[in-house]
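K.L.:
prediction below, plus the sequence it came from.
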Amino acid sequence: MGSANDLVLTGVSKRFGSFVAVDDLDLTVPAGSFFALLGPSGCGKTTTLRMIAGLETPTGGRITLGADDITALKPYRRPVNTVFQSYALFPHMTIAENVAFGLRRSGTRDVKDQVAAMLEMVELGDYGRRKPAQLSGGQQQRVALARALINRPRVLLLDEPLGALDLKLRRQMQIELKQIQTEVETTFVHVTHDQEEAMTMADTVAVMNAGVIEQMGRPEDLYEHPSTTFVANFLGQSNLIRGELGGAEQADVVVDVHGTRLLAPGAQVPDGGREVWVGIRPEKVTLAAAGAGALRGANVLESGVVTDASFTGVSTQYLVRMPWGQELMVFEQNTGQHKGFVVGDTVDLHWVPDHTFLLDAGQDSAAGVERETVP
Amino acid sequence: MSDTEERRGGLVGYVLLLPAGAWLTLFFVVPLVTLVSTSFYDPAGSLELGYRVTGQVTNYASVLSDYSEQFLRSLGYAATATLVCVLLGYPLAYAIAFKAGRWRNLMLVAVIAPFFTSFLIRTLSWQLILADQGWVVDTLQFLHLLGEDGRLLATPVAVVTGITYNFLPFMVLPLYASLEKIDPRLIEAGSDLYASPFTTFRTVTLPLSLPGLVAGTLLTFIPAAGDYINAQLLGNTRTQMIGNVIQKLFDGGSYPEAAALSVTLMAVIVVLVLAYVRRAGTEDLV
C-alpha cells in the first residue's frame, strides 16, 4: 500500500470543441481509499472518470498510477476496470462468461474457479448460466461489479453505479459496496450526483462543479466547514446571511449581521473584503419564543416570524422570515420536549457560534441549490 | 367480463389477419399448389392439347440429370456473390453505424439510391462498364491482371459482379440495423476488460451483429440463387444459372419440367436456409 499505488491527476484538462469539460484538474486519490467525485450533471465528473479509464484522451495534463504514467495508455492496457452506468453487460453471454471476460483476455488459468468464487462473493453463485436479461437490476449491478473486480484492478471506477436502482435497493447496495471495498482493499473511484450516497460511502469526497474541484475532504469536514457557497448548498442545505466582519474576540471573529452582533470561529475567515456570507445549517439552529433567554455565548437572531411549518415525522421544518426580509430554514428534531411553533409566531433563532461558517461574499449565495435535478 | 373481453381481443386479431391472409392465399398458396401439381404432369402434353395428371416423378429425375450443372453453378454463384457482399457490406455498414456521424443519413440514402433506377437498366449499364473496350478491361490489361485477349463481359466474373452489385443493399441494410442497435458502452466495456479492438470486435460486436448478418445473407443468397437477369445480360451460354433454364423451359412450353425445376430449387434453398439458421443459432440471440 502506501503512496506506491496512488492515482494522481496533474493539470488534467478536457475540451470538446470550445466546451471545457474538465479544467486543469489536480487530484490525488490515495491507494486503497473509497473516493467519491460528487457533482451535478455536466460538472465534468464522468469525463474525469473516463479519462482515468482511458476511454477519453485528456487535452492536457498527466495521469499517473504509482510510478506509471498511464496518460496515453490504451484502455485495454490499463490496470483499471470500470463498473458502467447501466452496467453494459454483454447480452449474448451468460453471467459466468461476462465475469470471465477479463481473465480470458489476460490468459489466466483456473478461470472457472475464480469466476465461481467471485459470483459467490456477490451472492450470485447459482446464476452463472443465466443471461443478463434474466436478472433484476440489483443483480445485474452485482454482476457488473464482479466482472470488474475479478481482474484485481489497481483502481476500480464506478460511474453512477446505483443510479438505475430504486431507493431501497440503493441503500442496501451502498452498504454492500462499502463492505466489498473494505474487503478487497482496492482503490474505488465513485462518480455520483447523489450527495447522500457520496457521504455515506466515501472516505474522501471531491465536490466538482463546472470542470473544477470546489472542495475535497472527509465528508464530515465538507459538511461542517464548506469553503464555497456551492458546497454549502450542494451538500445538505444552508442558510447564508449577508454580514460584515468586525474585530477578533479571542479565537472568534465578530460579524455584524443586519445590526446584530454574531460570533464565528476565527479559523476560517475568508480572504477578500469585509463583506462575508454567514452560514449556518438549518438543523444546528434552535427556535425559542421571542425574548426567551438564550444560553450564554450563543448566537441569537431576534424577531423572526414563522411563515411555514412542515411536520416530516423525524423533524419539523420551519421557514422563518427575518426583519430584513430573508427567509431562513430551521429543522427541529421531534424530541417531544417542547411544543412546536405555528405560522405567525414570533421567534428567536439560537445557535452555537462554533457551528457558524464564513464564506467569501463574492460568490453567488444560490450556487448549487438546485441539486434535485437528476442527470 | 374479462372472459368476453379476451374473446373479443382474439376476434380482432383474426379480423386483422384477414386481408393479408386472403392476399397470401390467393397469390401465394394457390400458385404454389398449382406449381407443385404441374410438376407432376405428364410432360407429353402441351398447353393447347392439355395435360394429364399422371402423378409421375420422371420430371424430377429428368431435370436433375439434365440440369444439375446449372443447379450447382447457381448455388456457387449465389454463394460467391453473398460472400463478396459480406466482405464489402460489413465494413460499409460498420462505418455507417459507428463512424459516419452526421454523414450517416446521406450514406444510407446512397445505399438505397440505386433502387430509384430499374433493376434491368442497372444491370445493362454493367455491360458498358465491363465491355471489352471499357476502361475497366483496359486498366486490368495495362496492369497485366488480365491477358491481351482477356475479357470480363460474358464471363462468370461478370455474372457474380452483377449479382453482388444488385444485392449489396440487401446485405448492408439489415447489417446496419443490427450494428446500429449495439450499445457503444458494450464496446467500451470490452476495451475496459483488456480486449484489443480486434478482440472486442470478435467477441462483442460480431456476435451481436449476427442477426443482421444472417438476415443479410439470406436476403442476398435466396434471390441470387434464383436470379437469371444477371446471367442473361452479363454472361454467356456457359454461365447459365437455374433461373435461365426455368425461363427457357417456360418459354418452350415445357411447363411440367419448369415446375419440377422450380420446386427443386425451392426445396434446396429451404433446406440450406434451415441448416444455416440452425448453425448460426440466431434464435438464441437477444
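P.N.:
Right, received. Where do you want to start? Please read all numbers here as calculations on a predicted model, not as lab measurements.
K.L.:
hey, where'd the strands end up in chain B?
P.N.:
Using DSSP state E, chain B contains no strands.
K.L.:
mind listing the helices for it?
P.N.:
In chain B, helices defined by DSSP state H lie at B:2-24, B:30-38, B:58-94, B:104-112, B:119-129, B:135-142, B:156-180, B:184-192, B:197-200, B:206-225, B:229-234, B:242-251, B:255-280, listed in chain order.
K.L.:
hey, what's residue A:357 bridged with?
P.N.:
Beta-bridge pairing for residue A:357 (DSSP bridges): residue A:279.
K.L.:
what's near enough to touch it?
P.N.:
Residue A:357 sits next to A:224-226, A:232, A:264-265, A:268, A:278-280 when contact means CB atoms under 8 Å, 6 or more residues apart in numbering or on different chains. Every residue, glycine included, has its C-beta placed from N, CA and C.
K.L.:
show me those residues that map onto strands.
P.N.:
Per DSSP E, the contacts of residue A:357 map to strands at A:264-265, A:278-280.
K.L.:
which of those has the most neighbours?
P.N.:
residue A:280 (26 neighbours; other CB atoms under 10 Å in any protein chain shown).
K.L.:
what is the neighbour count of the closest residue in space to that one that isn't next to it in sequence?
P.N.:
Nearest non-adjacent residue to residue A:280, counting by CB to CB, 6 or more residues apart in numbering or on different chains: residue A:239, 5.1 Å away. Residues lying near residue A:239 (other CB under 10 Å) number 24.
K.L.:
ok now do residue A:239, which residues does it touch?
P.N.:
Residue A:239 touches A:279-282, A:285, A:328-329, counting by CB under 8 Å, 6+ apart.
K.L.:
what about it, distance to chain B?
P.N.:
42 Å (CB to the nearest CB, to the nearest Å).
K.L.:
per-residue pLDDT, residue B:5?
P.N.:
pLDDT recorded at residue B:5 is 54.
K.L.:
try residue A:248
P.N.:
81.
K.L.:
cool, the one 4 residues further on as well?
P.N.:
The pLDDT attached to residue A:252 in the predicted structure is 86.
K.L.:
that one pairs with what?
P.N.:
With DSSP bridges as the rule, residue A:252 is bridged to residue A:249, residue A:265.
K.L.:
ok, how many other residues are close to it?
P.N.:
Using other CB under 10 Å: residue A:252 sits among 18 other residues.
K.L.:
show me what contacts it?
P.N.:
Here residue A:252 is in contact with A:263-266, A:353 (CB under 8 Å, 6+ apart).
K.L.:
just give me the closest of the ones in strands among the contacts of residue A:357 to chain B.
P.N.:
Distance to chain B, by CB to the nearest CB, is smallest for residue A:279 among the ones in strands among the contacts of residue A:357, at 40.3 Å.
K.L.:
does residue A:234 touch residue A:43 like I think?
P.N.:
No: between residue A:234 and residue A:43 no contact is recorded; they are 9.7 Å apart, counting by CB atoms under 8 Å.
K.L.:
domain assignment for chain A?
P.N.:
Per automatic domain parsing, the structural domains of chain A span A:2-224, A:229-360.
K.L.:
how close does the residue nearest to residue B:89 when sequence neighbours are not counted get to chain A?
P.N.:
Once flanking residues are discounted, residue B:89 sits nearest to residue B:171: 3.8 Å by CB to CB, 6+ apart. To chain A, residue B:171 is 21 Å away according to CB to the nearest CB.
K.L.:
now for residue 100, how many residues are close by?
P.N.:
Using chain A. 22.
K.L.:
wrong one, chain B
P.N.:
16.
K.L.:
model confidence over stretch A:80-99, on average?
P.N.:
For stretch A:80-99, mean pLDDT rounds to 94.
K.L.:
and it, end to end?
P.N.:
End-to-end span of stretch A:80-99 (CA to CA, to the nearest Å): 15 Å.
K.L.:
any regions of chain A where pLDDT drops low?
P.N.:
Along chain A, the parts satisfying pLDDT under 70 run over A:1-3, A:370-375.
K.L.:
near chain B, which residues of it are found?
P.N.:
When proximity is defined as CB under 8 Å from any CB of the partner chain, chain A approaches chain B at A:53-55, A:74-77, A:80-82, A:84-86, A:88-92, A:101-102, A:105-106, A:131, A:133, A:147-148, A:151.
K.L.:
which residues touch residue B:53?
P.N.:
B:37, B:40-42.
K.L.:
hmm, 6 Å instead?
P.N.:
By CB atoms under 6 Å, 6 or more residues apart in numbering or on different chains, the contact list for residue B:53 reads residue B:41.
K.L.:
ok, what's across the strand from it?
P.N.:
residue B:41.
K.L.:
can you name the residues in contact with the host helix or strand of residue A:20?
P.N.:
Following DSSP states H and E, one finds residue A:20 within strand A:19-29. Residues from elsewhere that reach strand A:19-29 (CB under 6 Å, 6+ apart): A:6-9, A:11-14, A:35, A:44, A:47-48, A:189, A:211-212.
K.L.:
what about 8 Å?
P.N.:
A:6-15, A:35, A:44, A:47-48, A:51, A:58, A:60-61, A:155, A:187, A:189, A:204, A:206, A:210-213, A:216.
K.L.:
output stretch B:74-85 as PDB, restricted to C-alpha atoms.
P.N.:
The C-alpha trace of stretch B:74-85 is given here as PDB (Å, rounded to 0.1, in the frame of the first residue of the first chain):
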ATOM      1  CA  SER B  74     -26.400 -21.200 -59.400                       C
ATOM      2  CA  LEU B  75     -25.600 -22.200 -55.900                       C
ATOM      3  CA  GLY B  76     -21.900 -21.500 -56.500                       C
ATOM      4  CA  TYR B  77     -22.500 -18.100 -58.000                       C
ATOM      5  CA  ALA B  78     -25.000 -17.100 -55.300                       C
ATOM      6  CA  ALA B  79     -22.700 -18.200 -52.500                       C
ATOM      7  CA  THR B  80     -19.700 -16.400 -54.000                       C
ATOM      8  CA  ALA B  81     -21.800 -13.200 -54.500                       C
ATOM      9  CA  THR B  82     -23.100 -13.500 -50.900                       C
ATOM     10  CA  LEU B  83     -19.600 -13.800 -49.600                       C
ATOM     11  CA  VAL B  84     -18.400 -10.800 -51.600                       C
ATOM     12  CA  CYS B  85     -21.400  -8.900 -50.400                       C
END
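K.L.:
what residues does chain B put near chain A?
P.N.:
So chain B meets chain A at B:183, B:185-186, B:188-196, B:199-200, B:203-204, B:207-208, B:285-286 (CB under 8 Å from any CB).
K.L.:
how many other residues sit next to residue 28?
P.N.:
No chain was given, so I picked chain A. So residue A:28, with other CB under 10 Å, has 15 neighbours.
K.L.:
oops, wrong one, chain B.
P.N.:
Quick note: residue B:28 (other CB under 10 Å) scores 10 neighbours.
K.L.:
next: residue B:193.
P.N.:
29.
K.L.:
tell me the secondary structure for the closest residue to it other than its chain neighbours?
P.N.:
Using CB to CB, 6+ apart and skipping the chain neighbours, the partner closest in space to residue B:193 is residue A:102 (4.0 Å). Here residue A:102 is recorded as helix under DSSP: H, G, I helix; E, B strand; the rest coil.
K.L.:
contacting residues around residue A:102?
P.N.:
So residue A:102 contacts A:81, A:147-148, A:150-151, B:193-194 (CB under 8 Å, 6+ apart).
K.L.:
what about residue 223, how many neighbours?
P.N.:
Just so you know, I chose chain A. For residue A:223, using other CB under 10 Å, the count is 18.
K.L.:
um, chain B though
P.N.:
16.
K.L.:
thanks a lot, catch you later.
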